[in-house]
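Colleague: Attaching a predicted model along with its sequence, questions to come.
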Amino acid sequence: MVKHFLNIPYVQSSELPTHQFDIYVPNVDNPAARPLICFIHGGAWRAEDKAHHAEFARKLCTLTSCAVAVPNYRLTPNNPAEDEDVFRHPGHAEDALSFLSFAIAWDGTPGLGRLYDSAQIFVIGHSCSAHMLASIFLDSSAATPSLSPSPSLLASVQAIILSEGIYDLDMLLVRFPAYREWFILNAFGNLDAYEPFSVTHLPLRSSTPRWHLIHSRMDSLVDIPQTEAMFAHLTSLVHDPSKVTKDLDSITEEHNDMLKGDNYIRVVGNYIKGCTGVI
């Protein structure tokens, strides 16, 4: 049976639900010796909640026998007023970084102690959160210096798993021009071009983590050239081919539907289980 602990604050000075996370813990003798999997949800920087992914987290926890944490983060409003000070990038990724920094230092719940090995972290990003995680773990400091992770976090993260990712914003808008009004303009501002915020040109911060990119050929919301461009960029940075891999064949569901079935859980879980010395 999987235990769960809900609505745990990761920003101690905040009472916002968007600064809370849920964690699902396997029924094993010593969970503190096992890795933590962190799933950062997507939603075009403007939608979704950790509660939407409770069943996904529970199943992934069961498959891997690892704790699975799902944080919220602050979202850009769908229809901000013209005079509103809009919450936008890099604020969403700053929250994700705050959560990950909290996770490697957290002592666990009162009476139970540590629920995972904080030196073994796996992070999963889907859709817009793939961009958020790439902005953290690649060096985006020229555009967003607030997204600089600590050396201890860089050392703890063993693998970064990104699926259906948005990486090159300008290329995305060529393929899907309606996305500018739908969410890019609000999340990033009204700019002529978004090249400074695209992650397909960023330097590497650390050679420690593995990178695994996933994309479904049936995805109609984000096209495969996004993942191909990101894979090409990462392989130009990381010269160990075992550390940058892609899977464009295992997932056949639509962009969000994949999170509702068992296939994506199996693909992600088996990748994590297959990482050397992890489980």
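Modeller: It's in.

Colleague: OK, contacts around residue 162?
Modeller: Contact analysis of residue 162 by CB atoms under 8 Å, 6 or more residues apart in numbering lists 124, 125, 126, 130, 133, 134, 211, 212, 213, 214, 227, 230. For every residue, glycine as well, the C-beta is placed using N, CA and C.

Colleague: try it again with 10 Å
Modeller: When contacts are counted by CB atoms under 10 Å, 6 or more residues apart in numbering, residue 162 touches 40, 123-127, 129-134, 137, 199, 211-215, 227, 230-231, 234, 246.

Colleague: Name only those of those residues that count as buried.
Modeller: Buried subset of the contacts of residue 162 (neighbour count, 16 or more other CB atoms under 10 Å): 40, 123-127, 129-134, 137, 199, 211-215, 227, 230-231, 234, 246.

Colleague: quick revisit: out of the contacts of residue 162, which are inside strands?
Modeller: 40, 123, 124, 125, 126, 211, 212, 213, 214, 246 (DSSP state E).

Colleague: mind listing the helices for the stretch 51-200 of the chain?
Modeller: Applying DSSP state H, counting those that start in this stretch to the stretch 51-200 of the chain gives helices spanning 54-64, 91-105, 128-137, 151-156, 169-175, 179, 185-188.

Colleague: for those helices, which one ends up most surrounded?
Modeller: Most buried of these by mean neighbour count (mean count of other CB atoms under 10 Å) is helix 128-137; its value is a mean of 27.

Colleague: which helices and strands sit right next to that helix?
Modeller: strand 36-40, helix 91-105, strand 121-126, helix 151-156, strand 157-163, strand 210-214, helix 224-237 (3 or more CB pairs under 10 Å, 6 or more residues apart in numbering; DSSP states H and E).

Colleague: Same list (the helices of the stretch 51-200 of the chain) but as a markdown table, adding mean pLDDT and distance to residue 264.
Modeller: Listed next are the helices of the stretch 51-200 of the chain as a markdown table, based on pLDDT from 0 to 100; distance: least, CB to CB, whole Å:
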| stretch | mean pLDDT | distance to residue 264 |
| --- | --- | --- |
| helix 54-64 | 97 | 8 |
| helix 91-105 | 98 | 20 |
| helix 128-137 | 98 | 14 |
| helix 151-156 | 97 | 24 |
| helix 169-175 | 98 | 22 |
| helix 179 | 98 | 23 |
| helix 185-188 | 96 | 25 |
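
Colleague: Compare those and give me the one nearest residue 47.
Modeller: helix 128-137 (9.4 Å; CB to CB).

Colleague: got the CA coordinates for the closest one in PDB?
Modeller: The C-alpha atoms that make up helix 128-137 are tabulated as PDB, following Å, rounded to 0.1, in the frame of the first residue of the first chain:
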ATOM      1  CA  CYS A 128       6.000  23.400 -20.300                       C
ATOM      2  CA  SER A 129       7.700  22.000 -17.200                       C
ATOM      3  CA  ALA A 130      10.300  20.400 -19.500                       C
ATOM      4  CA  HIS A 131      11.200  24.000 -20.400                       C
ATOM      5  CA  MET A 132      11.300  24.900 -16.800                       C
ATOM      6  CA  LEU A 133      13.600  22.100 -15.800                       C
ATOM      7  CA  ALA A 134      15.900  22.700 -18.800                       C
ATOM      8  CA  SER A 135      16.100  26.400 -17.700                       C
ATOM      9  CA  ILE A 136      17.300  25.200 -14.300                       C
ATOM     10  CA  PHE A 137      19.700  22.400 -15.200                       C
END
